[in-house]
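[1] 3D, please:
(one chain, ligands or ions: 1)
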Amino acid sequence: MLLILLLGVVLMNQPRPRKSAYLVLDPGHGGRDPGAVDPNSGTRESDLNLAQALTLKEYLVALGYTVGFTRTTDVFVPLAERTRMAQAQGARVFVSVHHDTPTAPGPGVYYSAHPLSRSLAERIAAVLRGAWVRPSSASRFGRLYIDDFPGPAVLVEFGPTRPVSREERIARAQAVASPIASYVQEVVV
Ligand SMILES: [Zn+2]
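    You can find the predicted model right below:
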């Protein structure tokens, strides 16, 4: 009896795992909307986004997280539909995966109006060399669809739209998976 009580106390004092917190990756554009297109190589942002998100998923799953998607193939998904899909899946965190215009100088991260979004953006930007961090209100649209998500939401511009090697994609996924994971552990209960 005492042993069972002691065991109960020990188990109760363990930090509770929060890995069940569900996050949704949102590969931007797709289908009839290619996003940015590199005129030199013909590289389409929509393809880069999907490949980057699928690679990122591998690392998050390896860390024990459950990951959902707004698209896993080259299909068109309306913006309003994306945050709705994430909510319907029970997502706690929304991470949109994009690439910038071909002439963009480097990566960057937008954060939504939700009060916990900025810290996620800063953690992600810290592992992407030279990345900026901006509120969605600073985008050229004045707001971004990530603002429609009721929880923490960020939109990552992984870099300019141009050919991205497999090694580069893996390196980015590996780098970004850790801050997302630690954020979910520490911030999202
Ligand atoms: Zn985009």
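[2] how about the residue in the chain that the ion sits nearest to, what does it touch?
    Closest residue of the chain to the ion, Cβ to the ion: residue 98 (3.6 Å). In short, each C-beta sits where N, CA and C put it, glycine included. Residues in contact with residue 98 (Cβ atoms under 8 Å, 6 or more residues apart in numbering) are 28-29, 35, 45, 49, 155-158.
[3] Can you pick out the ones from the residues you listed that are in strands?
    Secondary structure from DSSP state E places 155-158 of the contacts of residue 98 in strands.
[4] Most neighbours of all the residues you listed, which one?
    residue 156 (30 neighbours; other Cβ atoms under 10 Å).
[5] Contacts only, for that residue.
    Listed by Cβ under 8 Å, 6+ apart, the contact partners of residue 156 are 95-98, 107-110, 124, 128, 176.
[6] Just the element for residue 95, please.
    strand 93-100 (DSSP states H and E).
[7] Pull up the residues of this structure that are close to the ion.
    Residues of the chain found near the ion (Cβ under 5 Å from the ion) are 28, 35, 98.
[8] try 6 Å
    Proximity of the chain to the ion, by Cβ under 6 Å from the ion, involves residues 28-29, 35, 45, 98.
[9] out of those residues, which are buried?
    28-29, 35, 45, 98 (16 or more other Cβ atoms under 10 Å).
[10] What's the per-residue pLDDT of the closest residue to residue 116 other than its chain neighbours here?
    Distances taken as Cβ to Cβ, 6 or more residues apart in numbering place residue 152 nearest to residue 116, at 4.3 Å, with adjacent residues excluded. The model reports residue 152 with a pLDDT of 97.
[11] which ones are touching the closest residue to residue 126 other than its chain neighbours?
    In this structure, residue 126 finds its nearest non-sequential neighbour in residue 179, 6.8 Å apart by Cβ to Cβ, 6+ apart. Contacts for residue 179 (Cβ under 8 Å, 6+ apart) come out as 120, 123-124, 126-127.
[12] quick one: pLDDT of residue 179?
    96.
[13] Give the buried residues for the host helix or strand of it.
    Per DSSP H and E: residue 179 is located in helix 166-186. For helix 166-186, the neighbour count (16+ other Cβ under 10 Å) marks 169, 172-173, 175-177, 179-181, 183-185 as buried.
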